[in-house]
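**Q** Here is the input, now give the coordinates:
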Amino acid sequence: MSVRRRSAWPRFALAVAALLAAATGSVPPRPYAPPETVVAIALDVEKRGVVYSWGGGHADEPGPSTGTCLGYTGRIRPCPATRTVGLDCSGFTRWVYALAHGRDVLGPGNTDDHVRRMRRVRSPLPGDLVFFGAVTEERIRTHHVGIYLGGGKMVNAPETGAVVRVDPIHRVKDFAGFYRL
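**A** You can find the predicted model right below:
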């Protein structure tokens with residue numbers, strides 16, 4: 001009777017595959033949502049008539065929340081944010097991106113914090129973010145953000161007393177650029 005030796009190759013291959021899976025599994029994949037998904041979600045939120053609330057959308061989890069009157073400079077007095085459930089501009093983009101990507105990819109913070117997490121693009125696609133203010137190598141000071149739709153339009157949470165809506169980009173002064181994750 002002859003004895004057949006088993007090759008060590010299958011066990012070695014399995015060990016290498018397990019090692020590679022463990023090594024790459026610990027690195028989170030770069031978030032990606034198709035631009036049409038981002039746009040569809042943004043337009044769905046716009047249809048819901050979600051109101052603007054200064055600081056709204058910045059709770060632990062993205063989504064409509066009461067806002068804050070800290071730093072409020074709006075026209076409506078007294079500040080209604082602490083009794084208004086809604087979204088400000090960065091809260092709106094944070095929520096839409098979280099819904100599209102399946103997790104909070106922009107994180108807490110304001111427009112300055114969000115622009116730092118992105119890269120500027122020269123040829124925008126629908127779903128990119130459009131920022132307003134000043135973004136230079138020395139300083140970032142933005143004051144508004146919207147989701148680019150194409151054709152010079154964006155979906156945004158514009159100001160106290162308004163709802164999330166579609167506006168022409170040129171409606172807001174100080175265009176700073178288009179940005180993508």
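**Q** just so I have it, where are all the strands in the protein?
**A** 65-66, 85-86, 119-121, 129-135, 140-150, 153-156, 165-168, 175-180 (DSSP state E).
**Q** check contacts around the residue lying closest to V50 once chain neighbours are set aside.
**A** Leaving aside its sequence neighbours, V50 sits nearest to V164 (C-beta to C-beta, 6 or more residues apart in numbering; 4.7 Å). All C-beta spots, glycine's among them, are computed from the backbone N, C-alpha and C. V164 sits next to 45-46, 48-52, 87, 92, 155-157 when contact means C-beta atoms under 8 Å, 6 or more residues apart in numbering.
**Q** re the thing from before, and Y32, which of the strands of the chain is closest to it?
**A** In terms of C-beta to C-beta, the element of those nearest to Y32 is strand 175-180, at 10.5 Å.
**Q** What are the buried residues along the closest one?
**A** Judged by neighbour count using 16 or more other C-beta atoms under 10 Å, the buried positions of strand 175-180 are 176-179.
**Q** Tell me which residues touch Y32, please.
**A** Here Y32 is in contact with 101, 181 (C-beta under 8 Å, 6+ apart).
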